[in-house]
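> I need the structure of the sequence given here:
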Amino acid sequence: MIFGKHATLAVLRAQNAPQKVNKIFLQHGLHNDAMTEVVQIARQQHLVIQDAPKTKLDDLADNGNHQGIVLTVTPFAYTELSDLLQLLQNKQELPFFVILDNLNDPHNFGSILRTADAVGVNGIIIPKRRSVGVTSVVAKTSTGAIEHLPIVRVTNLVQTIKELKERGIWIFGTDMQGTDYQKWNAKGAVALVIGNEGKGLSPLVKKQVDQMLTIPMVGHVQSLNASVAAGVLLYQALRSRSTN
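Got it, this is the predicted structure:
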């Protein structure tokens, strides 16, 4: 399920929308600019539209904030790491990845996707187990970023990081003890690892990190929400990668 106006419009504007969207449910009696645009695009692409009561949409969206629009779509298509690396090589782009180490909160995942897209990250890597995958909540929170960012799901995160290092990609992690993030030189081929909301980086992943980054804190709380920390670090990366 995809729900909410921003996530819906991002899906409908994608080139593969006719192959991806099964049906569009619109809340009966609700009219606004977003719904008008959804109807226009759907008719152009000959997609199935169905009026439905709010209770039906509430059920489909698991009581999420659907804003009167719910899509049923084909399962999310994850990208193979080898395909993503080959694509970047063909485009002569240096990898700029975010690796999520057992992130569990779909809202954090969606927020990180949104920020990653904004700063030019060209791939997200997540583990298959003990980690949130792409869900309806992730799609809505990302406000459509999942339509533009390749997401790779791997069996063994440690082995994947080793493979990335063998390909010349520098791995950066976050920790209470490390280099001030403002000194981070993020030029070149890099990957930033964001850890679990409560436990941070897992010990085996931490061993593979080339450099630890820390965000100085002067208040009483000595940790940041995962998506907030990712946002701070990713914009430092953008600043670093944008300067000569």
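
> ok, longest strand in the protein?
Counting residues, the longest strand in the chain under DSSP state E turns out to be strand 170-180.

> Tell me which other helices or strands the next helix or strand after that one touches.
Toward the C-terminus, strand 170-180 is succeeded by strand 190-194 as the next helix or strand (DSSP states H and E). For strand 190-194, the packing partners by 3 or more CB pairs under 8 Å, 6 or more residues apart in numbering; DSSP states H and E come out as strand 96-100, helix 157-166, strand 170-180, helix 226-242. Yep, even glycine has a C-beta here, placed from its N, CA and C like the rest.

> what packs against the helix or strand hosting residue 41?
Assessed by DSSP H and E, residue 41 sits inside helix 33-44. The elements that helix 33-44 packs onto, with contact taken as 3+ CB pairs under 8 Å, 6+ apart, are helix 5-13, strand 21-27, strand 49-52, strand 69-73.

> Residue 164: which of those is closest?
Of all the helices and strands packed on helix 33-44, it is helix 5-13 that lies closest to residue 164, at 28.2 Å by CB to CB.

> and that closest one, how far from the chain's centre?
Mean-position distance between helix 5-13 and its chain equals 15 Å (CA atoms, centre = their mean, to the nearest Å).

> angle of it against strand 21-27?
Put simply, helix 5-13 runs at 140 degrees to strand 21-27, going by axes from the mean of the first three to the mean of the last three CA atoms, to 10 degrees.

> what residues does the helix or strand of the chain with the lowest mean pLDDT touch?
Within the chain, no helix or strand scores below helix 17-20, which has a mean of 80 by mean pLDDT, DSSP states H and E. With CB atoms under 8 Å, 6 or more residues apart in numbering as the test, helix 17-20 has contacts from 11, 14, 41, 45-47, 73-74.

> pull the CA atoms of the strand or helix carrying residue 112 into CSV?
Residue 112 belongs to helix 106-119 when elements are defined using DSSP H and E. What follows is helix 106-119, C-alpha atoms only, in CSV (Å, rounded to 0.1, in the frame of the first residue of the first chain):
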residue,chain,number,x,y,z
PRO,A,106,9.9,3.0,9.6
HIS,A,107,9.6,6.7,10.3
ASN,A,108,13.3,7.0,10.7
PHE,A,109,13.9,5.0,7.6
GLY,A,110,11.5,7.2,5.5
SER,A,111,13.1,10.4,6.9
ILE,A,112,16.6,9.2,6.1
LEU,A,113,15.5,8.4,2.5
ARG,A,114,14.1,11.9,2.1
THR,A,115,17.3,13.5,3.3
ALA,A,116,19.5,11.1,1.3
ASP,A,117,17.7,12.0,-1.9
ALA,A,118,18.0,15.7,-1.1
VAL,A,119,21.8,15.6,-0.7
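
> residues near the residue lying closest to residue 74 once chain neighbours are set aside, how many?
Closest residue in space to residue 74, ignoring its immediate chain neighbours: residue 20 at 5.3 Å, by CB to CB, 6 or more residues apart in numbering. Number of residues near residue 20 (other CB atoms under 10 Å) recorded here: 19.

> Also residue 80?
For residue 80, the count of nearby residues is 12 (other CB under 10 Å).

> All further residue positions should be reported with the first residue as 184.
Fine by me, first position is 184 from now on; the one you just mentioned is residue 263.

> wait, what's in contact with it?
Residue 263 sits next to residue 335 when contact means CB under 8 Å, 6+ apart.

> I figured residue 392 hits residue 356, correct?
Yes: the criterion here is CB atoms under 8 Å, and residue 392 meets it with residue 356 at 3.8 Å.

> overlap in contacts of these two?
Any residue near both residue 392 and residue 356 by CB under 8 Å, 6+ apart counts here, and that gives 376, 384.

> circling back: ok and the longest strand of the chain relative to strand 279-283, angle-wise?
If you take the same axes, to 10 degrees, strand 353-363 sits at 80 degrees to strand 279-283.

> what packs against strand 353-363?
Here strand 353-363 touches helix 340-349, strand 373-377, helix 386-391, strand 394-397, going by 3+ CB pairs under 8 Å, 6+ apart.
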